[in-house]
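Participant: From the sequence below, what's the structure:
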Amino acid sequence: MKVVQLSDLHFVKDLGTKQSRYKGRAWFAKSHDFLTLSELGRRVRGLDYDVILVSGDLATDGSTAALQQARRFVEDEEIAIEELAYVRKFRSARRKMPLKCLKSEPYLVLPGNHDRYGHGPFGQIQKNSFEEVFPKPVGSCPYVYVHEEQGPAGGRVVFIVLDSTWTRSRWAGHSALAVGKIDQRNLEKVTSVVDGIRHGSIECEVTGKRYLFKQTAGTALVVALHHHPVIPGILGQEPKSRWSKVKGLFAHNESTLTRLDNADAFRKVCEAADINVVMFGHQHLCYQVRLTGGGTLYSCCSTSTGFSKRVIPWAAGAVDKSPGFLQYEFDWRNGQYELCDLTLYRWEGQAFIKRRVPLNEVLQISPQK
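Facilitator: Prediction:
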């Protein structure tokens, strides 16, 4: 079974425009790169996969119009150039070409902090535009999706899709500009699904089908959210993303601005539940880590649509700053149905280049990181 993970698409109403981020909505947050977006649709359409997961920040400013554009990109075959209000002028030939989309079925989505933005540079509020644009149940987290491989040796992958967006009050101060939290309802969703599998059955809330479980060996568990539950240290330094540009202005480090408030509690639930993979985005970085002594893989997907045209050399096992997306392959190994292969499709100037991620060389970090 193969899963494609995209993240942080950052759509705006007028595809290709850059100035919208200065209009008092999502300051310091760049919109997507149209050239990368066009190639992304073509590249994903050429892959063999079973389901697509988009792990948040589908929009830049949280507007209904931007989220509608993102939904069209996920569902449609293409968007005619006449339907795009504005496209940045790369080349005249490209301006005349339709935008190639994913045309994905099924797909899983969840909201990111940008999908909740309101007005003002520090106006992060609990907007419901995401739920209004995306149909239930994929527009209403938390929810469960089950994929079952056909055949006598088939296994199952159970996705527990969570909402980690910040919801504590109407307005956020600058010290909590992009903070996330897994509330009690979402935490209990993880434990209830795991208990259901161990005791006999769960329902796939996307299809309405109930699945019976006689054993857990043939089931891989995946949890998806937007915010990062881990921060891997490299030689004593945290990996820096675009937030490092503004940390001095606010006298807060990057992890404070974008943290998952209760990351420790969330990790304990995942490790106790034997979650195979936790998939997330948010940092615009790509990395994979395991806690020392733990079995869960924490996998961060970079922005899939790209902000920089600078080509960064590839280094396996390191924190990668290039745009891209991930493909996971689940299969039987040592009597367990689990993640067996991970591939990064990395933007390297003009195309997404395939890079294999060695699962036996992922970063190991201590629980307090």
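
Participant: ok, what's across the strand from Glu329?
Facilitator: Using DSSP bridges, the beta-bridge partners of Glu329 come out as Lys2, Asp341.

Participant: quick one: it and Met1 touch, right?
Facilitator: Yes: at 7.3 Å, Glu329 counts as touching Met1 under the criterion of C-beta atoms under 8 Å. Placement of C-beta: from N, CA and C, glycine included.

Participant: which one of those two has more residues nearby?
Facilitator: For Glu329 versus Met1, neighbours defined as other C-beta atoms under 10 Å are more numerous around Met1 (19 against 15).

Participant: Could you tell me the per-residue confidence at that one?
Facilitator: On pLDDT, Met1 comes in at 93.

Participant: Ok, Arg116 next?
Facilitator: 84.

Participant: was I right about it contacting Thr60?
Facilitator: No: Arg116 is beyond contact range of Thr60, at 11.8 Å (criterion: C-beta under 8 Å).

Participant: what about the strands in the stretch 51-200 of the chain?
Facilitator: Secondary structure of the stretch 51-200 of the chain (DSSP state E, counting those that start in this stretch): strands at 51-55, 78-79, 99-100, 107-110, 143-148, 156-161.

Participant: Count the residues that sit near Ala272.
Facilitator: With other C-beta under 10 Å as criterion, Ala272 counts 12.

Participant: which residues sit in contact with it?
Facilitator: Not one residue lies near Ala272 by C-beta atoms under 8 Å, 6 or more residues apart in numbering.

Participant: Which stretches in the stretch 251-369 of the chain count as helices?
Facilitator: Counting by DSSP state H, counting those that start in this stretch, one finds helices in the stretch 251-369 of the chain at the ranges 254-258, 263-272.

Participant: Can you name the residues in contact with the longest helix belonging to the chain?
Facilitator: In the chain, assigned by DSSP state H, the helix with the most residues is helix 184-199. By C-beta under 8 Å, 6+ apart, the residues outside helix 184-199 that reach it are 141-142, 144, 158, 160, 162-164, 202, 213, 216, 219, 221, 223, 265-266, 269-270, 273-275.

Participant: Let me see the contact set for the most centrally placed residue in the chain.
Facilitator: Nearest to the mean C-alpha position of the chain, by C-alpha atoms, centre = their mean, lies Ser55 at 2.3 Å. Going by C-beta under 8 Å, 6+ apart, Ser55 touches 5-8, 110, 112, 224-226, 279-282, 301.

Participant: which of those residues sit farthest apart?
Facilitator: Largest separation among the contacts of Ser55 by C-beta to C-beta: Leu6 and Leu225, giving 14.6 Å.

Participant: Would you mind measuring from the closest residue to Arg267 other than its chain neighbours to Pro135?
Facilitator: The shortest distance from Arg267 to any non-neighbouring residue, by C-beta to C-beta, 6 or more residues apart in numbering, is to Pro229 (5.6 Å). Using C-beta to C-beta, to the nearest Å, Pro229 is found at 28 Å from Pro135.

Participant: between these two, who's got more neighbours?
Facilitator: Pro229 (24 against 10).

Participant: which residues in the stretch 201-350 of the chain form strands?
Facilitator: With DSSP E, counting those that start in this stretch, the ranges of strands along the stretch 201-350 of the chain come out as 201-203, 210-212, 219-224, 277-280, 287-291, 297-300, 324-333, 336-347.

Participant: what's the closest of these to Lys354?
Facilitator: Short answer: strand 336-347, nearest of the strands of the stretch 201-350 of the chain by C-beta to C-beta, at 5.9 Å.

Participant: Which elements pack onto the closest one?
Facilitator: The helices and strands touching strand 336-347, judged by 3 or more C-beta pairs under 8 Å, 6 or more residues apart in numbering; DSSP states H and E, are helix 34-45, strand 219-224, strand 324-333, strand 352-357.

Participant: Could you list the buried residues of stretch 294-308?
Facilitator: Buried residues in stretch 294-308, counted by 16 or more other C-beta atoms under 10 Å: 294, 296-308.

Participant: Quick one: mean pLDDT for that stretch?
Facilitator: Per-residue scores along stretch 294-308 average to 89.

Participant: could you dump that stretch to PDB, C-alpha only?
Facilitator: The C-alpha trace of stretch 294-308 is given here as PDB (Å, rounded to 0.1, in the frame of the first residue of the first chain):
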ATOM      1  CA  GLY A 294      11.000   4.100  20.800                       C
ATOM      2  CA  GLY A 295       9.500   2.400  17.800                       C
ATOM      3  CA  THR A 296       7.400   5.200  16.200                       C
ATOM      4  CA  LEU A 297       8.800   7.000  13.200                       C
ATOM      5  CA  TYR A 298       8.100  10.800  13.200                       C
ATOM      6  CA  SER A 299       8.200  12.000   9.600                       C
ATOM      7  CA  CYS A 300       8.100  15.700   8.600                       C
ATOM      8  CA  CYS A 301       7.100  16.600   5.000                       C
ATOM      9  CA  SER A 302       8.500  19.900   3.600                       C
ATOM     10  CA  THR A 303       6.400  22.400   1.800                       C
ATOM     11  CA  SER A 304       5.400  20.700  -1.500                       C
ATOM     12  CA  THR A 305       5.100  23.900  -3.600                       C
ATOM     13  CA  GLY A 306       8.400  25.700  -2.800                       C
ATOM     14  CA  PHE A 307       9.600  29.100  -1.900                       C
ATOM     15  CA  SER A 308      13.200  29.100  -3.000                       C
END
